[in-house]
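Undergrad: Build me a model:
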Amino acid sequence: MRIRCTFADQEFVVRLQDSATSRDLISMLPLSLTIEDFSTNEKIAHLPRRLDEGGLTDYDDEAPGDLCYFRGWGNLAFFHGDYSYRGDLIRLGRLEGGTAPLLVRGTFPLRIEPLS
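TA: As a prediction, the model looks like this:
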């Protein structure tokens, strides 16, 4: 499953992994959220409710472009820089085509829609 994310004049596609957490996110689409900068390596968007955490698995190949669910706050985390997996992130998928759209600084309305 792929999702399209749009904010400001940016658009990118995320290919989701098959997991209970990703399927729960898909069940909520389309979503209108707010995307904002967080720290120096990610943008975040708060969801209207927490997701099923059944997709939690350890991984050690973190990379810019990962879309994760942060269990602590129940938000989406779009990583455009390096990060370290700490057991509190559930990876949902990876951006296709690079992280350049995420480098646009600021707070914007975000639309997330299913593609296929």
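Undergrad: Run through the bridge partners of the residue positioned nearest the centre of the chain.
TA: The chain has residue 67 as the residue nearest its centroid, 3.4 Å off, counting by Cα atoms, centre = their mean. Counting by DSSP bridges, residue 67 forms beta bridges with residue 78, residue 93.
Undergrad: which ones are touching it?
TA: By Cβ atoms under 8 Å, 6 or more residues apart in numbering, the residues touching residue 67 are 14, 16, 76, 77, 78, 79, 91, 92, 93, 94, 95. Glycine gets a C-beta too; all of them are placed from N, C-alpha and C.
Undergrad: try 6 Å this time
TA: Residues in contact with residue 67 (Cβ atoms under 6 Å, 6 or more residues apart in numbering) are 14, 78, 92, 93.
Undergrad: And for residue 31?
TA: Counted by Cβ under 6 Å, 6+ apart, residue 31 has contacts residue 112.
Undergrad: how much space is there between it and residue 112?
TA: 5 Å (Cβ to Cβ, to the nearest Å).
Undergrad: Look up which helix or strand residue 24 falls in, please.
TA: helix 20-27 (DSSP states H and E).
Undergrad: where does that helix sit relative to the chain's centre, distance-wise?
TA: Relative to its chain's centre, helix 20-27 lies at 12 Å (Cα atoms, centre = their mean, to the nearest Å).
Undergrad: Quick check: mean pLDDT of it?
TA: Helix 20-27 comes out with an average pLDDT of 98.
Undergrad: Direction included, what does the helix or strand that comes right after that helix pair against?
TA: Counting by DSSP H and E, the next helix or strand C-terminal to helix 20-27 is strand 31-38. Applying DSSP bridges, strand 31-38 is found paired with strand 42-46 (antiparallel), strand 108-114 (antiparallel).
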